[in-house]
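Engineer: Got a sequence here, can you model it:
(chains A and B)
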Amino acid sequence: KQEVTQIPAALSVPEGENLVLNCSFTDSAIYNLQWFRQDPGKGLTSLLLIQSSQREQTSGRLNASLDKSSGRSTLYIAASQPGDSATYLCAVVNNNDMRFGAGTRLTVKP
Amino acid sequence: GAGVSQTPSNKVTEKGKYVELRCDPISGHTALYWYRQSLGQGPEFLIYFQGTGAADDSGLPNDRFFAVRPEGSVSTLKIQRTERGDSAVYLCASSSGLAGGKDTQYFGPGTRLTVL
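Structural biologist: Residues are numbered from 1 along each chain as shown, chains lettered A, B, ... in the order given. Okay, the predicted model is just below:
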């Protein structure tokens, strides 16, 4: 059974810092990996999707990398802003279902 | 529609009661998913529909949980004899279905279920 782990569980940084969120998974036979953002009391917003054949995806200040063989992905956020404060979830797809990590709760202080 | 919608947004019920949670997917999306998210955890997969049929229901925790999608659009998650442990946010997502269960999923805002 696929297990997804996210480290750290919580992170607090001052505004303007670059930061990295980590995700690891136990079964490397994935179809894709997706990073989501979740604001308190809200649903999930997809940030980046990396297909299994890809190494990275970029969107604005966000860059996600994938190392399938080692079962790892990182989400890099450049020049963090208070509006980036949210929980960031990593999810992997094997077959037809998506498995999520528990998330990293990010706080960016002004 | 513009996005995935779920109703109600909040549901409070008593232990032992029956509840139904509704999901309206994005128009034209053939794939629909239900997840359950407990406090401080990531969403947990429950069931996946491709069209009207449940392609994968391996995540349903027990036979008190059942989901239908009779016309391949709206889906209803049904929970019988609710227990306090069923309290969670129930999330629905849909995708185009063009890549089976592997394309981008778009999530609704969720229904917060509280069982007293």
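
Engineer: gap between stretch B:21-41 and the chain center?
Structural biologist: Counting by Cα atoms, centre = their mean, to the nearest Å, stretch B:21-41 is centred 4 Å from the centre of its parent chain.

Engineer: and that stretch, how far apart are its ends?
Structural biologist: End-to-end span of stretch B:21-41 (Cα to Cα, to the nearest Å): 21 Å.

Engineer: Please determine how far residue A:24 is located from residue B:39.
Structural biologist: Distance, residue A:24 to residue B:39, by Cβ to Cβ, to the nearest Å: 23 Å. Yep, even glycine has a C-beta here, placed from its N, CA and C like the rest.

Engineer: These two: which has the busier surroundings?
Structural biologist: Neighbour count, other Cβ atoms under 10 Å in any protein chain shown: between residue A:24 and residue B:39, residue A:24 has more, with 18 against 7.

Engineer: residues in contact with the helix or strand that contains the more buried one?
Structural biologist: Element membership for residue A:24 (DSSP states H and E) is strand A:19-25. Residues from elsewhere that reach strand A:19-25, judged by Cβ atoms under 8 Å, 6 or more residues apart in numbering or on different chains: A:2-8, A:11, A:13, A:33, A:35, A:71-77, A:80, A:88, A:90, A:92, A:99, A:101, A:104, A:106.

Engineer: least trustworthy helix or strand in chain A by mean pLDDT?
Structural biologist: When the helices and strands of chain A are scored by mean pLDDT, DSSP states H and E, strand A:97-100 comes last with a mean of 87.

Engineer: one step back: narrow the contacts of strand A:19-25 to those in helices?
Structural biologist: Taking DSSP state H, every one of these sits outside helices.

Engineer: are any of those buried, and which?
Structural biologist: Buried members of the contacts of strand A:19-25, counted by 16 or more other Cβ atoms under 10 Å in any protein chain shown: A:2, A:4, A:6, A:11, A:13, A:33, A:35, A:71-75, A:77, A:80, A:88, A:90, A:92, A:99, A:101, A:104, A:106.

Engineer: about what we covered before: of the contacts of strand A:19-25, which fall within the contact range of chain B?
Structural biologist: Filtering those for proximity to chain B by Cβ under 8 Å from any Cβ of the partner chain leaves A:4, A:99, A:101.

Engineer: Relative to residue A:17, which of those residues is nearest.
Structural biologist: Proximity of these to residue A:17 (Cβ to Cβ) peaks at residue A:101, which lies at 22.0 Å.

Engineer: And that closest one, how far from residue B:50?
Structural biologist: 25 Å.
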